[in-house]
Structures are given as structure tokens and as C-alpha cells.
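> Got a predicted model here, sequence first, then my questions.
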Amino acid sequence: MRNRKGFTLVEIMIVVAIIGLLAAIAIPNFIQARTKAQTNACIANLKQIQGAISLWALDNGKVDTDTVAMTNLVPTYIKATPYCPLDTGKTGYTLTTVATAPVCPKDPTNHVLP
């Protein structure tokens, strides 16, 4: 009788099944966490822009109906132009007036200021 070393086919199949089960549980959680992180980053950018708009309006004597553009804010009130993490084309946030909140170009329904 020979002494065989190694794993049997059944043992390997069980290990592969366990790894597959763990991956099936973990991958959706990672995707959900990534989506939530991107949403939170976009909302943080919107808050930063809203704060910069308020400071710009105060410093320049603007009222709620005055229009604002990103060029008014960068680089004095914001170091660099922020972009939504989903915005691969770098189109930037939509700004209109001082009183209107900035809008995300990629997901305006979920990426909003609270």
C-alpha cells in the first residue's frame, strides 16, 4: 500500500464551494459600500460648494437672486473644482443662483444636500 499525499477531488470541491459562498455574500456588500461612499463624497462636495457660495455672497454683497459660477469660487473659496465621483467626464456641478443649492450632474435625485 502506497502512502499518497494530497487532496481528494471531493475535498477540493468543498473548498471551492465554500469560497464561492463567501464571495456570493461579500461581493454585494462591497458594491453597496462603494456606492454609499460615492454618494457621501458627492454630498460632501455639495456642502463644500454651498459653503463657498455663502462666503462669496457675503464677501461680495450678493443677494439670493444673483447668479454664481464655479469660476467665482475657485481658487479663492475652493482650492480646486470638485467633481462627483460618478462623473468620469468631469462636467462639474450645476450652479445657478446664490439661494439655489448646487446640483450633481450624474445623480441629481440621490446626491442632494440634506
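Ah, there it is. The shown structure was predicted, so the numbers you read here are calculated from the model rather than taken from an experiment.
> so what's the backbone phi/psi at residue 67?
Torsion angles at residue 67 (phi, psi; degrees, to the nearest 10) stand at phi -80, psi 150.
> residue contacts, it?
Neighbouring residues of residue 67 by C-beta atoms under 8 Å, 6 or more residues apart in numbering: 96-98. All C-beta atoms are positioned from the backbone trio N, CA, C, and that covers glycine.
> how near is it to residue 58?
In this view, residue 67 and residue 58 are 16 Å apart by C-beta to C-beta, to the nearest Å.
> How about residue 9?
As judged by C-beta to C-beta, residue 9 and residue 58 stand 73 Å apart.
> More neighbours: those two, which one.
Relative neighbour count places residue 58 above the other of residue 9 and residue 58, with 10 against 7, counting by other C-beta atoms under 10 Å.
> sec struct for that one, please.
Following DSSP: H, G, I helix; E, B strand; the rest coil, we place residue 58 in the helix state.
> so where's the chain uncertain?
1-2 (pLDDT under 70).
> Just want the most central residue of it.
residue 38 (1.9 Å; C-alpha atoms, centre = their mean).
> ok, it touching residue 88?
No. Residue 38 lies out of contact with residue 88 (C-beta atoms under 8 Å); the separation is 11.8 Å.
> Can you show me the helices along the protein?
Applying DSSP state H to the chain gives helices spanning 9-60, 70-73.
> what sits against the residue nearest to the centre of the chain?
For residue 38, the contacting residues are 84-86, by C-beta under 8 Å, 6+ apart.
> Nearest to residue 15, out of these: which one, please.
Of all these, residue 15 sits closest to residue 85, with 36.5 Å by C-beta to C-beta.
> Which residue is the nearest non-sequential neighbour of that closest one?
residue 38 (4.2 Å; C-beta to C-beta, 6 or more residues apart in numbering).
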